[in-house]
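Enquirer: Next come a sequence and a model predicted from it.
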Amino acid sequence: MKLLSIVLTSMLSFSALAGESNHIIGGNVGYGGQDFEAANGEEYGGGDSVGIDVYYRYMLNDNFGLEGSVFSGSGGVASVFTSFFSTVDNISYKGVRAAVYAQVPLSASNSLYAKLGASANQLNYDVSGVFGSGTTESIETDGTDFYGAVGWGIRFQSGVGLNLEYQYVPIQELIVQNFSIGVSYQF
């Protein structure tokens, strides 16, 4: 219990002498999978997913921050092939998100981190008959959903940082799970 108290106290302490800026900008490019659940309860493998994420983070102290972002994504290369067998096609999404950021330092320059927040998003997709038969209906929906990510990052003395991240992003009927690589700059 004493160790837990020491860890929590050190994470919450402000660092007045650190000399580092509280402002970070960055971006991620990710690749992963997406699953789609139709309104009637049927589940469709949405194929693969490619996503981008550009963010601004304000660090409240050495371990906690607030992050705002714009993001976008769509089906990847394999989604072209799955669209022949699915009634849902041309899935794309975009939105903005806000998240709380927390990190646990592993050394002076690298750390594990997590992001938890919410996204306001827009989902677009087409619904048609099997093998593209019948009429195609384009659907656009808006909503607010959970956002979560965990990752590992390293920050160099120049302020440049690199990160590897897993993102879990449910967007209404769509669930996106991406692995991404990112670059950031602390200024």
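Expert: Yep, it's here.
Enquirer: so where does the spatially most central residue of the chain fall, helix or strand?
Expert: In the chain, the residue lying closest to the centroid (CA atoms, centre = their mean) is Gln167, at 4.3 Å. According to DSSP states H and E, Gln167 maps onto strand 160-171.
Enquirer: hmm, back to that, verify the stated contact: the residue nearest to the centre of the chain with Gly148.
Expert: Yes: between Gln167 and Gly148 there is a contact at 7.4 Å, judged by CB atoms under 8 Å. C-beta: built from backbone N, CA, C; applies to glycine.
Enquirer: tell me the mean pLDDT for stretch 29-47?
Expert: The average pLDDT for stretch 29-47 rounds to 81.
Enquirer: Helices of the protein, residue ranges please.
Expert: Listed in chain order, the helices of the chain (DSSP state H) span 2-12, 77-82.
Enquirer: Just give me the lowest mean pLDDT stretch among these.
Expert: Ranked by mean pLDDT, those bottom out at helix 2-12, which scores a mean of 46.
Enquirer: What is the neighbour count of Asn124?
Expert: Close neighbours of Asn124, defined as other CB atoms under 10 Å, add up to 14.
Enquirer: what sits opposite it in the beta ladder?
Expert: Following DSSP bridges, Asn124 is listed with bridge partners Ser92, Glu140.
Enquirer: ok, now how distant is it from Gly151?
Expert: Distance, Asn124 to Gly151, using CB to CB, to the nearest Å: 28 Å.
Enquirer: Mind listing the strands the strand holding Gln167 pairs with, and their directions?
Expert: strand 137-155 (antiparallel), strand 174-186 (antiparallel).
Enquirer: which residues touch that strand?
Expert: Residues outside strand 160-171 that contact it (CB atoms under 8 Å, 6 or more residues apart in numbering) are 24, 26, 28, 30, 32, 51, 53, 71, 93, 95, 113, 119, 121, 123, 143, 145-155, 175-186.
Enquirer: how about the closest residue to Asp48 other than its chain neighbours, what does it touch?
Expert: Spatially, and ignoring its direct neighbours in sequence, Asp48 is nearest to Gly76 (3.7 Å; CB to CB, 6 or more residues apart in numbering). Gly76 is in contact with Tyr31, Gly47, Asp48, Ser49, Val50, counting by CB under 8 Å, 6+ apart.
Enquirer: Quick check: bridge partners of the third one?
Expert: Read that as Asp48. Counting by DSSP bridges, Asp48 forms beta bridges with Gly33.
Enquirer: Same check on Asp145?
Expert: Beta-bridge partners of Asp145, as defined by DSSP bridges: Ser119.
Enquirer: Roughly how far does it sit from Arg97?
Expert: Using CB to CB, one obtains 9 Å as the distance from Asp145 to Arg97.
Enquirer: which neighbours do these two share?
Expert: Ala118, Ser119, Asn121.
Enquirer: contacting residues around the last one?
Expert: This points to Asn121. Listed by CB under 8 Å, 6+ apart, the contact set of Asn121 reads Tyr93, Lys94, Gly95, Val96, Arg97, Asp142, Gly143, Thr144, Asp145, Ile171, Gln172.
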